[in-house]
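A.B. asks: coords below, sequence missing:
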């Protein structure tokens with residue numbers, strides 16, 4: 001790690017301040033979401049990029065309510081006993097995406113261990129509704145682990161999303177304390193299954209830096225992601241939502257993110273998007289387009305033709 005790692009201060013650095021946004025446009029998106037009875041992970045997870053994304057009329061839709069059945073110590077999303085799945089939600093998501101004229105739609109959810117299929121059928125219904133409303137849009141699903149159920153994963157993948165995303169979040173050593181209820185190997189197997197099920201699928205994952213991991217652990221994680229078939233990785237700074245959440249161990253400097261990007265791509269991950277304010281679905285369309293273009297260029301260089 002660079003020398004900057006040795007000069008860590010507990011004060012939040014200036015480069016972690018979110019960009020400015022047009023308040024009126026942000027308010028309009030929020031008002032439309034509330035009118036439609038929809039939620040976004042941007043709001044529920046206290047994303048620092050919310051203003052910038054809403055100002056561009058983009059968001060990551062959070063389906064299956066806003067109450068999670070797990071208690072990850074780093075997450076701001078509410079925990080508890082959720083209500084039943086809403087059968088009208090997929091149609092409302094599709095209508096909202098169409099109203100925003102989205103080119104790339106990201107769908108995520110809280111973890112729903114209370115449901116027999118973990119919410120997989122709601123993901124599929126939402127993808128199908130989006131295909132009807134926005135046939136030219138690409139779709140990215142950011143899923144929970146479905147407790148490792150191959151049946152649930154197969155249901156989601158049957159909708160043929162362009163991108164399957166499941167976040168590892170952190171290194172295996174920190175899972176027992178930071179992610180009770182989750183399992184690192186299970187999450188890796190989810191990504192590997194998605195790639196095996198749909199070989200042409202873009203498989204994506206994300207981690208947070210600054211939770212207490214070290215460079216060696218990140219490098220090992222990236223090697224395992226590559227072996228699992230992950231072709232896109234996002235790395236961003238962990239920011240504790242409150243004093244009651246998992247504490248920030250340190251803040252990574254911008255140069256360290258460049259080092260991690262280079263290391264990941266050298267390992268063989270096709271595209272690593274790393275930076276202080278990077279989040280799993282931040283600039284998702286641009287990340288997908290760049291990864292797609294990079295892969296197309298690589299296959300053309302080998303004489304295999306372009307595209308996935």
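C.D. replies: Cool, the structure landed. What you are looking at is a predicted structure, and each value in this text was computed from that prediction instead of being measured.

A.B. asks: contacting residues for residue 98?
C.D. replies: 133-134 (Cβ atoms under 8 Å, 6 or more residues apart in numbering). In short, each C-beta sits where N, CA and C put it, glycine included.

A.B. asks: Can you pull the phi and psi angles for it?
C.D. replies: phi -70, psi -40 (degrees, to the nearest 10).

A.B. asks: Correct me if wrong: residue 221 contacts residue 207.
C.D. replies: Yes. Shown here, residue 221 and residue 207 form a contact pair, counting by Cβ atoms under 8 Å, at 6.7 Å.

A.B. asks: Would you mind grabbing the residues shared as contacts by the two?
C.D. replies: By Cβ under 8 Å, 6+ apart, the residues touching both residue 221 and residue 207 are 168, 171.

A.B. asks: Flag the shaky bits of the stretch 151-300 of the chain, pLDDT-wise.
C.D. replies: 297-300 (pLDDT under 70).

A.B. asks: For it, which segments count as strands?
C.D. replies: 163-165, 202-209, 232-237, 271-274 (DSSP state E, counting those that start in this stretch).

A.B. asks: how far away is residue 138 from residue 160?
C.D. replies: 11 Å (Cβ to Cβ, to the nearest Å).

A.B. asks: With residue 168 instead?
C.D. replies: 24 Å.

A.B. asks: the more surrounded of those two?
C.D. replies: residue 168 (25 against 12; other Cβ atoms under 10 Å).

A.B. asks: could you list every residue that touches the more buried one?
C.D. replies: Contacts of residue 168 (Cβ under 8 Å, 6+ apart): 184, 187-188, 205-207, 221, 225.

A.B. asks: Which parts of the protein are helices?
C.D. replies: Taking DSSP state H as the criterion, the chain carries its helices at 23-36, 41-44, 50-55, 89-100, 120-133, 150-157, 175-178, 184-197, 215-228, 254-267, 284-301.

A.B. asks: Check which helices and strands the last one sits against.
C.D. replies: In this case it means helix 284-301. strand 104-109, strand 138-142, strand 202-209, strand 232-237, strand 271-274 (3 or more Cβ pairs under 8 Å, 6 or more residues apart in numbering; DSSP states H and E).

A.B. asks: can you give me the offset of the first one from its chain's centre?
C.D. replies: Taking the mean C-alpha point of strand 104-109 and that of its whole chain, the gap between them comes to 9 Å (Cα atoms, centre = their mean, to the nearest Å).

A.B. asks: Over to the fourth one?
C.D. replies: Here strand 232-237 shows a centroid-to-chain-centroid distance of 9 Å under the convention Cα atoms, centre = their mean.

A.B. asks: hang on, isn't residue 137 packed against residue 129?
C.D. replies: No. With contact defined as Cβ under 8 Å, residue 137 does not count as touching residue 129 (11.7 Å).

A.B. asks: pretty sure residue 164 contacts residue 201?
C.D. replies: Yes. Using Cβ under 8 Å, residue 164 is in contact with residue 201, at 5.4 Å.

A.B. asks: Quick check: neighbours shared by those two?
C.D. replies: With Cβ under 8 Å, 6+ apart as the test, residue 164 and residue 201 both reach 157, 194.

A.B. asks: Nothing else from me, thank you.
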